[in-house]
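Novice: Sharing a model that was predicted from the sequence below.
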Amino acid sequence: MLVQMVGISLILMLHGFGLPNILLLLGWSLTGMLALVLNIYFFALIVVIILSWVAPQTRHPAAVLIFQLVEPIMLPMRRIIPSLGGLDLSPIFIFIAINLIKILVIGNLATMLRIPQGLMLGL
């Protein structure tokens, strides 16, 4: 969080703006962190899908880490949506949920907090 706040402050100073209000900076940082977490889950889910096709029983430490990261989100969705003939449809609904959160929550937060365009990646 502190790194995000320092990064935002440096970017603003490099562009010739002054330092924003500390509460505004805190809101911008929280929004940026939430967007970053959603982006990490989005791309980790893509990697899990590709790994399940290419190397379904892999024990590589990086693959195990990614599976451990994504599994707590996929498990409740797998309980709700059963697989169809071995085809797991839960990632599709997780992608939809991630995009809805990005549009509805993060988009509205960015608008409410008046985050400048291009200030943070993923917004």
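Specialist: Yep, that arrived. Numbers count the residues shown, from 1 in each chain.

Novice: Only C-alpha atoms from now on, for both contacts and neighbour counts.
Specialist: Fine.

Novice: Show me which residues of the host helix or strand of Tyr41 are buried.
Specialist: Secondary structure assignment for Tyr41, by DSSP states H and E: helix 22-54. Neighbour-count burial for helix 22-54, counted by 16 or more other Cα atoms under 10 Å, picks out 25-36, 38-39, 41-42, 44-45, 48, 51.

Novice: angle of whichever helix or strand comes after it against helix 22-54?
Specialist: Downstream of helix 22-54, the next assigned helix or strand under DSSP H and E is helix 61-80. When axes from the mean of the first three to the mean of the last three Cα atoms, to 10 degrees is applied, the directions of helix 61-80 and helix 22-54 differ by 90 degrees.

Novice: for the record, mean pLDDT for helix 61-80?
Specialist: Throughout helix 61-80, pLDDT has a mean value of 93.

Novice: list the helices and strands it packs on?
Specialist: Applying 3 or more Cα pairs under 8 Å, 6 or more residues apart in numbering; DSSP states H and E, one finds that helix 61-80 contacts helix 22-54, helix 90-100.

Novice: Quick check: closest non-adjacent residue to Tyr41.
Specialist: Among residues not flanking Tyr41 along the chain, Val70 sits closest, at 6.9 Å (Cα to Cα, 6 or more residues apart in numbering).

Novice: Done for today, thanks.
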